[in-house]
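> Let's see this in three dimensions:
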Amino acid sequence: MAGGYEIDLRIPAAGVVDLVGAQQVWIGKGFAGRMVTLWADLASIHAVIDGLVVTTVGACQVICERICFQVR
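Coordinates of the predicted model:
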């Protein structure tokens, strides 16, 4: 995989988004109802809201494989 993949999701009331059923990313209840762009590569997942990175977590190989599969 060269580069990474992006997916846009709406943040639910709990403040936790599910990335392709493989990993959850806590964004925060204060962001509920807003859109977040999750950018994932082999090393990390960045959560971006309004152009600002609000959190970064480590990624696992399973996530990248699932994202690549869904994008195809």
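
> beta partners for the most centrally placed residue in the chain?
Among the residues of the chain, residue 38 comes closest to the average C-alpha position under Cα atoms, centre = their mean, at 3.1 Å. The residues paired with residue 38 through beta bridges, assigned by DSSP bridges, are residue 7, residue 47.

> show me what contacts it?
Going by Cβ atoms under 8 Å, 6 or more residues apart in numbering, residue 38 touches 6-9, 17, 19, 25, 45-48. The C-beta positions use only the backbone N, C-alpha and C, and glycine is treated the same way.

> what residues are up against the residue lying closest to residue 59 once chain neighbours are set aside?
If the residues on either side of it in the chain are set aside, residue 59 comes closest to residue 45, at 4.9 Å by Cβ to Cβ, 6 or more residues apart in numbering. Going by Cβ under 8 Å, 6+ apart, residue 45 touches 19, 23, 25, 38-39, 56-59, 63.

> Give the buried subset of these as a ChimeraX selection command.
Applied in ChimeraX, the following selects the buried portion of the contacts of residue 45 according to 16 or more other Cβ atoms under 10 Å:
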select :19,23,25,38,39,59,63
